[in-house]
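Colleague: Give me a model of this one.
(one chain, ligands or ions: 1)
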Amino acid sequence: MDRKRYSKPELLAPAGDLLRLKTAVDYGADAVYLGGKQYSLRSRASNFTHEDIREACAYANARNVHVHVTVNEIPHDRDLEGLEDYLCFLQEAGVTAIIAASPAVMRLAKRVAPKLEVHASTQCSILNSAAANAMINLTGCDRVVLARECSLDEIRKIQKATDRDIEVFIHGGMCVNFSGRCTLSNRMTLRDANRGGCAQSCRWNYEVCAKDQPISTGDSFFTLGSRDLCAARYLPQLMEIGVKSLKIEGRMKTEYYVASVVSALRHMIDELYETQEPLSEERMNYHLREVLAAQNREVWNGFLNNPDGVDSIIYHANSDADVSHAFLGTAKSCSGGMLEIETRNPIDPGDRIEVLEPGKTNRVFECRFLRDEEGNELAVSRVPMRRIFMPVPFEVAPGALLRKAAV
Ligand code: SF4
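Modeller: This next block holds a predicted model:
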């Protein structure tokens, strides 16, 4: 049988809490990743209790979605206490895989919790097939999450030279340091980036001086921060190579961001897989607009195949990049042609509103009027987290997300 041109990769989405986990699952993720209260980087990202992890696994596994748990801090000896019990708990709770950066943690997991898959984190900075195979031989890991700094050619070579799954970042924030190895946050805030405390100091605005003399950087402020990654343009090539998993970064992002990016990439993967044909420029542009609809920072294509070189990674402190489709609110109920929503951003009568619902093509309608809970007509809605009503020409499921449609 002929091998298909495009394989179907796993779409792996971030989950900062149970709400965002369920959102990612409902909007089409094949797997989600989360952090527990211990042993995980991003310790501020609303990490999950043991009870939350059990609930996450029950919800995801019932829908054939895998749960991956980050156990990716770089541990000192004192950090290893209790780790064995934690790994056994994850296995018993129904977690599919751990994501680890330390070979010691990977080897321990293979010994005490053999049903868990072990994924070597991007923090291992694996950029070549020799490094990938060395890590596999050392730890027995089942998957290698490549460093974001790999090009498409390098990914292709590594995929050919190893017999394990390869995972690649497709979207989200970047570390300006090499795949997360950074002490800037430690210096600026005494919060250890390699043990979960990164304060994203690289994204702060700085004035640059040399011996108290200001240096002009072109912007009135200077930031070390990188633009966010948007590699969706290279999705066809990644599916041709046959990478196993495409990861979205962003455990600290909102439920709207998660729904929007997951839904857009789900549709793009499915279209490529079902047609087995390259996307026309028009379809590619359509998908890229959808992927970026919730994006509020400048983006770049990453290191996959960047004709503009690394200069294009620089984030401009004065960037006015903004979301093209503001998040308006969440559907709470819909009956008799009236939609009840909990608001997030201002809505005016006459606005064109786009409805995102799991598994459906987005639909657009025009808001003809607004009412409050007492039935009074509103000239505008400006208050967040308020219940308002508006007529809608089709059924909308509770939990659907509403955003401003593109003009
Ligand atoms: S400060 Fe910036 S570069 Fe350093 S770990 Fe945090 S996000 Fe990465």
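Colleague: Please enumerate the strands of the stretch 101-250 of the chain.
Modeller: Taking DSSP state E, counting those that start in this stretch, the strands of the stretch 101-250 of the chain run over residues 117-120, 143-145, 165-172, 209-210, 213-214, 228-230, 245-248.
Colleague: Same list, these, but as a markdown table with mean neighbour count and distance to the ligand please.
Modeller: Any C-beta I mention is one placed from the backbone N, CA and C, and that applies to glycine too. Shown next, in a markdown table, are these (neighbours: other Cβ atoms under 10 Å; distance: least, Cβ to the nearest ligand atom, whole Å):
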| stretch | mean neighbour count | distance to the ligand |
| --- | --- | --- |
| strand 117-120 | 25 | 19 |
| strand 143-145 | 25 | 16 |
| strand 165-172 | 25 | 11 |
| strand 209-210 | 8 | 20 |
| strand 213-214 | 8 | 23 |
| strand 228-230 | 21 | 11 |
| strand 245-248 | 24 | 16 |
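Colleague: and those as TSV, adding distance to Leu34 and mean pLDDT?
Modeller: Shown next, in TSV, are these (distance: least, Cβ to Cβ, whole Å; pLDDT from 0 to 100):
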stretch	distance to Leu34	mean pLDDT
strand 117-120	13	98
strand 143-145	15	98
strand 165-172	15	97
strand 209-210	41	83
strand 213-214	43	80
strand 228-230	20	92
strand 245-248	13	98
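Colleague: any chance of the ones you listed in JSON lines, plus distance to Leu265?
Modeller: Converted to JSON lines, those look like this (distance: least, Cβ to Cβ, whole Å):
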{"stretch": "strand 117-120", "distance to Leu265": "20"}
{"stretch": "strand 143-145", "distance to Leu265": "17"}
{"stretch": "strand 165-172", "distance to Leu265": "7"}
{"stretch": "strand 209-210", "distance to Leu265": "42"}
{"stretch": "strand 213-214", "distance to Leu265": "43"}
{"stretch": "strand 228-230", "distance to Leu265": "11"}
{"stretch": "strand 245-248", "distance to Leu265": "7"}
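Colleague: Out of the ones you listed, flag the one nearest Ile313.
Modeller: Among the strands of the stretch 101-250 of the chain, strand 228-230 comes nearest to Ile313, with 9.5 Å by Cβ to Cβ.
Colleague: which neighbours does the closest one have in its sheet, and in what orientation?
Modeller: Sheet pairing of strand 228-230 (DSSP bridges) gives strand 165-172 (antiparallel), strand 299-300 (parallel).
Colleague: Helix or strand next in line after the last one, which one?
Modeller: Past strand 299-300, heading to the C-terminal end, the next element that is a helix or strand (DSSP states H and E) is strand 327-335.
Colleague: Check which helices and strands the helix or strand following that next one sits against.
Modeller: Downstream of strand 327-335, the first helix or strand assigned by DSSP H and E is strand 338-343. Strand 338-343 sits against strand 327-335, strand 387-391, with contacts defined as 3 or more Cβ pairs under 8 Å, 6 or more residues apart in numbering; DSSP states H and E.
Colleague: wait, isn't Glu395 in contact with Cys334?
Modeller: Yes. Glu395 is within contact range of Cys334, at 5.8 Å (criterion: Cβ atoms under 8 Å).
Colleague: Rounded mean pLDDT for the longest helix along the chain, please.
Modeller: Longest helix in the chain, counting residues (DSSP state H): helix 255-275. Throughout helix 255-275, pLDDT has a mean value of 96.
Colleague: Would you indicate which residues of it are buried?
Modeller: Residues of helix 255-275 classed as buried under the neighbour-count rule (16 or more other Cβ atoms under 10 Å) are 255-269, 271-272.
Colleague: Near the ligand, which residues of the protein are found?
Modeller: Proximity of the chain to the ligand, by Cβ under 6 Å from any ligand atom, involves residues Cys175, Val176, Asn177, Gly180, Cys182, Leu184, Ser185, Ala193, Cys198, Gln200, Ser201, Cys202.
Colleague: Between those, which sits nearest Glu366?
Modeller: Of all these, Gln200 has the smallest distance to Glu366: 38.9 Å, by Cβ to Cβ.
Colleague: And for the closest one, the neighbour number?
Modeller: If you count neighbours by other Cβ atoms under 10 Å, Gln200 ends up with 18.
Colleague: tell me the contacts of it?
Modeller: Residues counted as contacts of Gln200 (Cβ atoms under 8 Å, 6 or more residues apart in numbering) are Ser185, Gly225.
Colleague: Could you measure from it over to Arg148?
Modeller: With distances defined as Cβ to Cβ, to the nearest Å, the gap from Gln200 to Arg148 amounts to 16 Å.
Colleague: Also Ser312?
Modeller: Computed as Cβ to Cβ, the Ser312 to Arg148 distance reads 14 Å.
Colleague: quick one on the thing from earlier: tell me the two of the residues of the chain next to the ligand that are most distant?
Modeller: The most widely separated members of those, counting by Cβ to Cβ, are Gly180 and Ser201 (13.5 Å).
Colleague: Any stretches of this protein with poor pLDDT?
Modeller: 1-2, 41-46, 179-180, 196, 216-220, 306-311, 316-324 (pLDDT under 70).
Colleague: mind listing the helices in it by residue range?
Modeller: 18-26, 50-61, 83-93, 103-112, 129-139, 152-161, 184-189, 235-241, 255-275, 281-291.
Colleague: on contacts alone, who are the packing partners of the second one?
Modeller: Using 3+ Cβ pairs under 8 Å, 6+ apart as the contact criterion, the secondary-structure elements in contact with helix 50-61 are helix 18-26, strand 31-35, strand 66-71, helix 83-93.
Colleague: what's the angle between that helix and helix 18-26?
Modeller: Counting by axes from the mean of the first three to the mean of the last three Cα atoms, to 10 degrees, helix 50-61 points 10 degrees away from the direction of helix 18-26.
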